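1. Okay, sequence plus prediction incoming.
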Amino acid sequence: MATPFASMLDGLTRQRGVTAALVVSERDGIVVDSNLQIGQDGDRVAALAASLYRKARLSARAAGMGAVSFMQLEAPGGRICAVGGGALVLIVVAESAVNVGLVRVELLKAIEGLSAAGGDA
Amino acid sequence: MNNVTVVESWIEAPLKQFVLDADAELALLLHPSGQVLAQHGFARAVDVMSACALAAGIHASAGELGKLLDGRPFRGLHHVGRARQIFLAEALWPRGSYIFLTVFGPESSLGIVRLYFDELVAALVAAAPLEATPATPALAEHFERDLNRNLAVLFGRA
């Protein structure tokens, strides 16, 4: 059965260089919905990336920097990008060569849909 | 603080790693009968004894409830409190089945705890001595003696 997030996740994974897209509960780090390639461990990525995002958000707030709008982790083998929408986090796993600017725009656009679908709960 | 105490030494390293990785406040590994094997974060033997009895009871009840509803025992339980959360799950390895209970706060998450619980079980399977005798059901006549012996080991009174 298609979830309210299916078309949004499809749109993200259609971007060149994006290998996975996940909607994750920020507090629990549990996958709500995902588009993954065979062999990708969605549960592991979700738990760790949501934890990272939550801590980045809390760090930014503690430093008086306000809300985190976009988080990017760069590693030799690729990138993880995340944006938060209320109780949910939208996470994208991408290759190193991905157009980060485009991914950022798509994530920020998608987060509006995420909030409308219940992310502000 | 990472004050893990164990009844059998091979449990120590995997449990320490779990506590560190998952940011667990409390951790308890026990036999389904309620006999404690390792603990982290408890200050008093009586608290460990109570937690073991409750965890064994909850695990047994959840198992039976699962059989009634789904035809097979529930193997994991998660409860969210106001400030802390509980994760209770069955750890299966060649020596048999054990119960693992952990309490974590807002620094951690269910996803992180589940992830590192799977790694803990894999590490325990790898660390378990091959010559160890399989876990046997606790006998009522020996239960209190064994429980007191294990608690004495954990709290430095052995």
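-> That came in fine, so what should we check first? As the structure is a computational prediction, the values presented were derived from the model and not from experiment.

2. When you work out contacts or count neighbours from here on, use the C-alpha atoms and nothing else.
-> Fine.

3. Quick check: phi and psi on the residue lying closest to A:Q15 once chain neighbours are set aside?
-> Once flanking residues are discounted, A:Q15 sits nearest to A:V103: 7.5 Å by Cα to Cα, 6 or more residues apart in numbering or on different chains. Main-chain torsions, A:V103, degrees, to the nearest 10: phi -60, psi -40.

4. how close does A:V103 get to chain B?
-> From A:V103 across to chain B, the span is 25 Å (Cα to the nearest Cα, to the nearest Å).

5. gap between the longest helix along chain A and the chain center?
-> Determined from DSSP state H, the single longest helix within chain A is helix A:42-62. Centroid separation between helix A:42-62 and its chain, computed with Cα atoms, centre = their mean, to the nearest Å, is 10 Å.

6. OK, contacts around B:A127?
-> B:10-11 (Cα atoms under 8 Å, 6 or more residues apart in numbering or on different chains).

7. can you rerun that using 6 Å?
-> By Cα atoms under 6 Å, 6 or more residues apart in numbering or on different chains, B:A127 lies in contact with B:W10.

8. Read off the pLDDT value for it.
-> B:A127 carries a pLDDT score of 90 in this model.

9. Could you check how far it is from B:G41?
-> With distances taken as Cα to Cα, to the nearest Å, B:A127 is found 22 Å from B:G41.

10. Tell me which helix or strand comes right after the longest helix of chain A.
-> Next helix or strand after helix A:42-62 toward the C-terminus (DSSP states H and E): strand A:71-75.

11. what secondary structure does the residue nearest the centre of chain B sit in?
-> Centroid-nearest residue in chain B: B:L29, 2.1 Å away (criterion: Cα atoms, centre = their mean). Assigned with DSSP: H, G, I helix; E, B strand; the rest coil, B:L29 falls in the strand class.

12. Next: the one 4 residues further on.
-> When states are read from three-state DSSP, the local structure at B:S33 comes out as coil.

13. how about the residues of chain B near chain A?
-> B:109-112 (Cα under 6 Å from any Cα of the partner chain).

14. What are the buried residues along the host helix or strand of A:L9?
-> A:L9 belongs to helix A:6-13 when assigned by DSSP H and E. Neighbour counts over helix A:6-13 (16 or more other Cα atoms under 10 Å in any protein chain shown) mark A:8-9, A:12-13 as buried.

15. Which residues does that helix contact?
-> For helix A:6-13, contacts defined as Cα under 6 Å, 6+ apart pick out A:A21.

16. same deal with stretch B:38-51?
-> For stretch B:38-51, the external contacting residues (Cα under 6 Å, 6+ apart) are B:3-7, B:26-29.

17. Pick out whichever of the residues you listed sits closest to A:G66.
-> In terms of Cα to Cα, no member of these lies closer to A:G66 than B:L26, at 32.7 Å.

18. Go ahead and confirm the closest one touches B:G105.
-> No - here B:L26 lies out of contact with B:G105, judged by Cα atoms under 6 Å, at a distance of 9.8 Å.

19. hmm, which helix or strand of chain A has the shakiest average pLDDT?
-> Every helix and strand in chain A was compared by mean pLDDT, DSSP states H and E; the lowest is helix A:100-114, with a mean of 89.

20. Return the distance of that helix from the chain's centre.
-> The chain centre lies 9 Å from the centre of helix A:100-114; the measure is Cα atoms, centre = their mean.

21. Buried residues, that helix. List them.
-> A:100, A:103-104, A:107-108, A:110-111, A:113-114.

22. and B:I86, helix, strand or coil?
-> B:I86 ends up strand, using three-state DSSP.

23. which residues touch it?
-> By Cα under 6 Å, 6+ apart, B:I86 lies in contact with B:78-79, B:102-103.

24. Including pLDDT, neighbour count and secondary structure, could those residues go into JSON lines?
-> Output for the contacts of B:I86, formatted as JSON lines (pLDDT from 0 to 100; neighbours: other Cα atoms under 10 Å in any protein chain shown; DSSP: H, G, I helix; E, B strand; the rest coil):
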{"residue": "B:H78", "pLDDT": "94", "neighbour count": "14", "secondary structure": "strand"}
{"residue": "B:H79", "pLDDT": "94", "neighbour count": "11", "secondary structure": "strand"}
{"residue": "B:T102", "pLDDT": "97", "neighbour count": "23", "secondary structure": "strand"}
{"residue": "B:V103", "pLDDT": "97", "neighbour count": "21", "secondary structure": "strand"}
